[in-house]
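Chemist: pasting the sequence and the predicted model now:
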Amino acid sequence: MSTNKHFSAVCAVVLALALIVTVLFMNGEKLGIRVIRDEDAEENESSQYFTSNDQNTDWTAAATITLSGDTAAVSGPGAYANGGSVTISAAGYYDVTGTLTDGSLVVDAGKNAKVFIRLNGVSITCSDDAAIRVNQADKVFLTLADGTENTLTSGETYSAAALADKTDGAIFSHDDLTINGSGSLTVTAAYKHGIAANDSLRITGGTITVTAPSDTIHVNDSLHITGASLTLNAGDDAIHSDTSIAILGGSITVNSCYEGIEALEILIEDGDITVTSTDDGINACGTETADGSLPSVTINGGTVTLLNHSGRDADGIDSNGNIDINGGLVYISLVGDGSNCALDYGSENGGVCRINGGTVVACGGSSMLETMSETSAQPSLLYAGTTQAAGTEITLQDADGETLLTYTAPNSFSAVLVSCPEMQTGSTYTLNLGTASQEVTLTQVAATYGVSGGMGQGGGPGGMGGGMNDRGAPGDTDAMSGGPSDSDATPPTPPDGDADFQPSGDPPTRPDGEDGTPGDTADRPTPPDRDSDTGAEPPALPDGSTAPSDRPTDTQGNQTQPTESQQAQEGSFTLDENGKWLLIASAAAMALGLGIAILYRKKG
């Protein structure tokens, strides 16, 4: 009898513990239970721009790989020489030095493996494959050692095996990839792309130069950049993502390309960006994002300069949806003839172009103009008229003669839009184009001068009269042409009035024959709803907040080697609905089993 009593007590305690565990699992977040969460895991990428590992360059290698001509020596676990190549087969920390004349550094590890590789003065050339390729890993971190120069070169013709694997970059990764550090990296691709990632790519440091016949950086998922100095020479896109691009700092210089920066969603928070293209400088392409929002370009800060010296049907910023400029400095210079448009947005799709802050000088052609949206928080002035020569200085002065902005356009132009924070409706300003000037009183947010009615959303002239007078001859009636058009004048056909017109945000056939179809958007930061033209509030950042709480600086911090727990972040413990029901079912089964055992013991 005593045994039965003890057994019953034990069963009751076990049952109570099972119920307590179930309650804790179901209410862990409310009760403050914490769990180690892998911040680099793919399902957590949308919650932040960069992880601590993305910016960690101070770690100690457990293995050393020394490249030497057509062979290599490995000291330590996790890697082995494989003919003229080297394979890393396990998670860990690897330091790589030396020269490989015709081979690859290959990562082929477990699907949950995090692989850290320090390029410490490396030169790798591969004639028929990627110089560095990632077959499998959870995430690979390429660190450019301080003070070192590293070069990666791929050949013009890839092997049948590489092509079957759809390898298309001198650096190619099937999984998430990060490039960080403070050293230099030169990537030269003779076949397709320079840096290509099937998943996400993070670049947080280094001096990186990439030359490629197609895209210099091509990413299928999201791309985030900060703290690096990039110099790019592309045959097609300089920077391309099938989903989203976020630039939070650093410098980017595109010396040559077809299109500069292209994705469904483009966010520029900071940085110094100069793009010289033959087509669009920035292009938000496609029709809609995964959540149904329109494509978008959002500029919140930094300095963005977009140049096109030869295009005849190109745009400075082209969006099939919205353009929002909330801060920073934006300078655009396209040649004035042809159908070049400095700012082209998807008005035919319900898109808007809002200037809510910052300084904007956008020069281009006048045949395909679109005026700014009246919901802009900051006034703008759009002038169209006689073509001005390359090198013309543009200045805007207030009524007291104080210069508010100035820009010397490298290319000729027949239209210019100016906007700066000091501009206010009801105030009078003087727009100077070289030696010609025009005094203007702003009577509306999106003011125009010399713009024919019916273009874009702006309609007719915005309350400005008189011709633009030459300052060398005051009162000269032979002023610069471009005054308000007669009411019966026929304006050029706008994009949304031409049934056969292909939206300029959908680029023409590319040099590599690709159609640029957007891919999966699983790891893209959640975009804001930008489909409406109501209100003048600047849109939220792609993660839904007004600014990233963990936004990194452009400098690399000193960090210690991460342990397993340091490779993850703490977060509240949560369960999905299936997990909760599984725990409940487990507790019920345990209770039923204990009940049967108790009854069985009593019968016995």
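Modeler: Received, thanks. Numbers count the residues shown, from 1 in each chain.
Chemist: could you dump stretch 84-99 to CSV, C-alpha only?
Modeler: The C-alpha trace of stretch 84-99 is given here as CSV (Å, rounded to 0.1, in the frame of the first residue of the first chain):
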residue,chain,number,x,y,z
GLY,A,84,44.3,22.5,-57.9
SER,A,85,41.5,23.7,-55.6
VAL,A,86,40.8,23.9,-51.8
THR,A,87,37.6,22.7,-50.2
ILE,A,88,36.3,23.9,-46.8
SER,A,89,34.0,21.2,-45.5
ALA,A,90,33.1,22.3,-42.0
ALA,A,91,32.0,25.4,-40.0
GLY,A,92,34.9,27.3,-38.5
TYR,A,93,37.5,30.1,-38.9
TYR,A,94,40.0,29.9,-41.7
ASP,A,95,42.9,32.2,-42.7
VAL,A,96,43.9,32.0,-46.3
THR,A,97,47.1,33.3,-47.9
GLY,A,98,49.1,32.9,-51.1
THR,A,99,48.4,32.4,-54.8
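Chemist: quick one: the helices in the stretch 201-350 of the chain?
Modeler: Assigned by DSSP state H, counting those that start in this stretch, the stretch 201-350 of the chain shows no helices.
Chemist: tell me where the stretch 1-150 of the chain has strands.
Modeler: 34-37, 63-69, 71-75, 79-82, 85-88, 92-100, 105-108, 114-126, 132-136, 139-144, 149-154 (DSSP state E, counting those that start in this stretch).
Chemist: switch the ones you listed over to TSV; also include mean pLDDT, distance to Thr305 and mean neighbour count.
Modeler: All C-beta atoms are positioned from the backbone trio N, CA, C, and that covers glycine. Output for the strands of the stretch 1-150 of the chain, formatted as TSV (pLDDT from 0 to 100; distance: least, Cβ to Cβ, whole Å; neighbours: other Cβ atoms under 10 Å):
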stretch	mean pLDDT	distance to Thr305	mean neighbour count
strand 34-37	54	40	14
strand 63-69	97	39	18
strand 71-75	96	43	16
strand 79-82	94	44	18
strand 85-88	97	40	23
strand 92-100	98	36	21
strand 105-108	98	36	23
strand 114-126	98	31	23
strand 132-136	97	32	22
strand 139-144	98	26	26
strand 149-154	98	28	22
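Chemist: am I right that Leu592 is in a strand?
Modeler: No: assigned with DSSP: H, G, I helix; E, B strand; the rest coil, Leu592 falls outside any strand and is helix.
Chemist: what's the burial count for it?
Modeler: By the measure other Cβ atoms under 10 Å, the count of residues near Leu592 is 10.
Chemist: same question for Gly292.
Modeler: Neighbours of Gly292 using other Cβ under 10 Å come to 9.
Chemist: need the strands of the stretch 1-150 of the chain in a markdown table (columns: distance to Thr216).
Modeler: Shown next, in a markdown table, are those (distance: least, Cβ to Cβ, whole Å):
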| stretch | distance to Thr216 |
| --- | --- |
| strand 34-37 | 34 |
| strand 63-69 | 25 |
| strand 71-75 | 28 |
| strand 79-82 | 29 |
| strand 85-88 | 24 |
| strand 92-100 | 22 |
| strand 105-108 | 20 |
| strand 114-126 | 18 |
| strand 132-136 | 16 |
| strand 139-144 | 16 |
| strand 149-154 | 13 |
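Chemist: these: which one's closest to Ile584?
Modeler: Among those, the nearest to Ile584 by Cβ to Cβ is strand 34-37 (19.5 Å).
Chemist: low-confidence regions, the stretch 301-450 of the chain specifically.
Modeler: Screening the stretch 301-450 of the chain residue by residue with the criterion pLDDT under 70, one finds no matching range.
Chemist: show me where it has strands.
Modeler: Going by DSSP E, counting those that start in this stretch, the stretch 301-450 of the chain shows strands at 303-308, 315-319, 322-325, 329-334, 341-344, 353-355, 359-364, 380-388, 393-398, 403-408, 413-419, 428-433, 436-441, 446-449.
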